[in-house]
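> Any chance you can model this:
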Amino acid sequence: MIDENRQQIGIVPIEKALTIAREKGLDLVEIAPQANPPVCRLMNYQKYLYELTKKEKEDRKHQKNIVVKEIKFRPKISSHDFQFKLKHIINFLEEGNKVKVSVLFRGRERIRPELGKQLIERVIEETKDFASVEVPPKLESSYLYTMLMPKKGGKDAKTQDTQRS
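From the prediction side, this is the model:
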């Protein structure tokens with residue numbers, strides 16, 4: 001048995017351990033039931049549970065939520081539209097978000113998936129300073145998509161490029 005100050009009391013019969021716990025107004029909690037004899041501890045169990053939930057909430061605060069943004073293209077896209085969407089992709093990557101780049105094929109466009117493949121390869125090439133490819137280009141039904149993940153030094157690479165100009 002271990003007391004509330006984490007000092008080892010020794011081997012105590014269960015009845016005596018329960019009376020000690022009642023006298024001190026604490027709970028008798030079995031810590032290691034597989035041990036021989038089982039290890040029990042005196043503690044305020046409600047306070048222990050409260051501190052556990054509080055610690056879990058604190059740990060969740062420090063987690064970073066990863067958001068997946070999606071940019072959709074069509075196989076026949078003008079250069080201005082491409083540049084406009086590319087700027088958005090770069091902004092999302094700099095914010096630390098993952099980006100799903102997808103090309104939608106409709107009708108007769110489905111017989112020319114190589115156009116979408118070239119478009120995605122162009123996006124990958126344009127964003128190579130900011131992103132790495134997490135999922136290589138895949139074709140699923142009428143969609144061709146890839147997933148881009150931000151590089152660690154994404155913002156630094158852009159600031160270095162603007163300083164050189």
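> which residues of this structure score low on pLDDT?
Across the chain, the ranges flagged by pLDDT under 70 are 153-165.
> So the protein: which segments form each domain?
The record's domain parsing of the chain by automatic domain parsing lists 14-61, 68-154.
> Out of those domains, the one nearest residue 1 is which?
Among the domains of the chain, domain 14-61 comes nearest to residue 1, with 5.2 Å by Cβ to Cβ. In short, each C-beta sits where N, CA and C put it, glycine included.
> can you put the domains of the chain in TSV and add distance to residue 1?
Formatted as TSV, the domains of the chain follow (distance: least, Cβ to Cβ, whole Å):
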stretch	distance to residue 1
domain 14-61	5
domain 68-154	50
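> Helices of the chain, residue ranges please.
14-24, 45-61, 79-94, 113-126, 154-164 (DSSP state H).
> quick one on the thing from earlier: single out the most deeply packed of the domains of the chain.
Among the domains of the chain, domain 68-154 has the highest mean neighbour count (mean count of other Cβ atoms under 10 Å), at a mean of 15.
> Return the distance of that one from the chain's centre.
Remark: domain 68-154 is offset 22 Å from the chain centroid, using Cα atoms, centre = their mean, to the nearest Å.
> Same check on stretch 34-43?
Distance, stretch centre to chain centre, for stretch 34-43: 37 Å (Cα atoms, centre = their mean).
> Could you do stretch 61-74 as well?
Counting by Cα atoms, centre = their mean, stretch 61-74 is centred 10 Å from the centre of its parent chain.
> JSON lines for the helices of the chain, including distance to residue 103?
Shown next, in JSON lines, are the helices of the chain (distance: least, Cβ to Cβ, whole Å):
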{"stretch": "helix 14-24", "distance to residue 103": "67"}
{"stretch": "helix 45-61", "distance to residue 103": "36"}
{"stretch": "helix 79-94", "distance to residue 103": "11"}
{"stretch": "helix 113-126", "distance to residue 103": "4"}
{"stretch": "helix 154-164", "distance to residue 103": "23"}
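> and residue 136, which of the ones you listed is closest to it?
helix 113-126 (9.3 Å).
> which strands and helices sit next to that closest one?
Where contact means 3 or more Cβ pairs under 8 Å, 6 or more residues apart in numbering; DSSP states H and E, helix 113-126 is packed against strand 68-73, helix 79-94, strand 98-104, strand 131-140, strand 143-150.
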